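**Q** let me see the structure of the following:
(chains A and B)
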Amino acid sequence: DAKTTQPTSMDCAEGRAANLPCNHSTISGNEYVYWYRQIHSQGPQYIIHGLKNNETNEMASLIITEDRKSSTLILPHATLRDTAVYYCITKYNTDKLIFGTGTRLQVFP
Amino acid sequence: DAGITQSPRHKVTETGTPVTLRCHQTENHRYMYWYRQDPGHGLRLIHYSYGVKDTDKGEVSDGYSVSRSKTEDFLLTLESATSSQTSVYFCAISESPGGGNEQFFGPGTRLTVL
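**A** Below you'll find the model as predicted:
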């Protein structure tokens, strides 16, 4: 599985878009990009995933660059409840989600 | 939310005692996983199961064993707990392991070994 690189922390004003970057320069052709988040003391929560195309669901949008070496998770209107650690993970046909240390997003009023 | 429960939610035990954590799902998912989470390490996979009585090791399996006698239950056992096993333990389930299938996580069990 490809290794991902994320900033350690980010801040975002409530109501603004939060854009969380992730680098995965060694991703292979059939590896998916997954995003999870973990709100303090809770189990990780699935957000979104994609392979090549951009994806959008009720929680977020995922933008994957054409060369697939990086991606951005977008929370269009961040709220205080979006304060969490966000994990970017690449995953092929294995059983393992390999979690890094993620990005700690702080949404402030 | 996916139907996953973990029990107990909190446990304090002493070094050398056996401990069993239970993960129960109502989703009929084939795959189940046990992770531990420690400060500075993110989540690390301990063991996983790909069916009843079918299990395999993860990256930090030493000191742990698992059993799955029913689709809905996945047990994690610490045969002789050590202080290094103080951690938060998360169970997860998925329909399949392949790319494109997300895992759903339980609420976690906080274990303290004194």
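
**Q** please name the residues that touch the residue in chain B that chain A sits nearest to.
**A** Using Cβ to the nearest Cβ, B:Phe105 is the residue of chain B that sits closest to chain A, at 3.3 Å. Any C-beta I mention is one placed from the backbone N, CA and C, and that applies to glycine too. By Cβ atoms under 8 Å, 6 or more residues apart in numbering or on different chains, the residues touching B:Phe105 are A:43-45, B:4, B:90-92.

**Q** beta partners for the residue nearest in space to the middle of chain B?
**A** Nearest residue to the geometric centre of chain B (Cα atoms, centre = their mean): B:Trp34, 2.6 Å. Beta-bridge partners of B:Trp34, counted by DSSP bridges, are B:His47, B:Cys91.

**Q** my read is that it contacts B:Ser87, right?
**A** No - using Cβ atoms under 8 Å, B:Trp34 is not in contact with B:Ser87; the gap is 10.9 Å.

**Q** for the residue nearest to the centre of chain B, list the residues it contacts.
**A** Neighbour list for B:Trp34: B:21, B:23, B:45-48, B:58, B:64, B:66, B:74, B:76, B:89-91 [criterion: Cβ under 8 Å, 6+ apart].

**Q** and A:Leu105, by the same measure?
**A** A:Leu105 makes contacts with A:9-12, A:18, A:20, A:78, A:82-86, as judged by Cβ under 8 Å, 6+ apart.

**Q** out of the residues you listed, who's nearest chain B?
**A** A:Val85 (8.6 Å).

**Q** quick check: closest non-adjacent residue to the closest one.
**A** Spatial nearest neighbour of A:Val85, excluding adjacent residues (Cβ to Cβ, 6 or more residues apart in numbering or on different chains): A:Gly102 at 4.3 Å.
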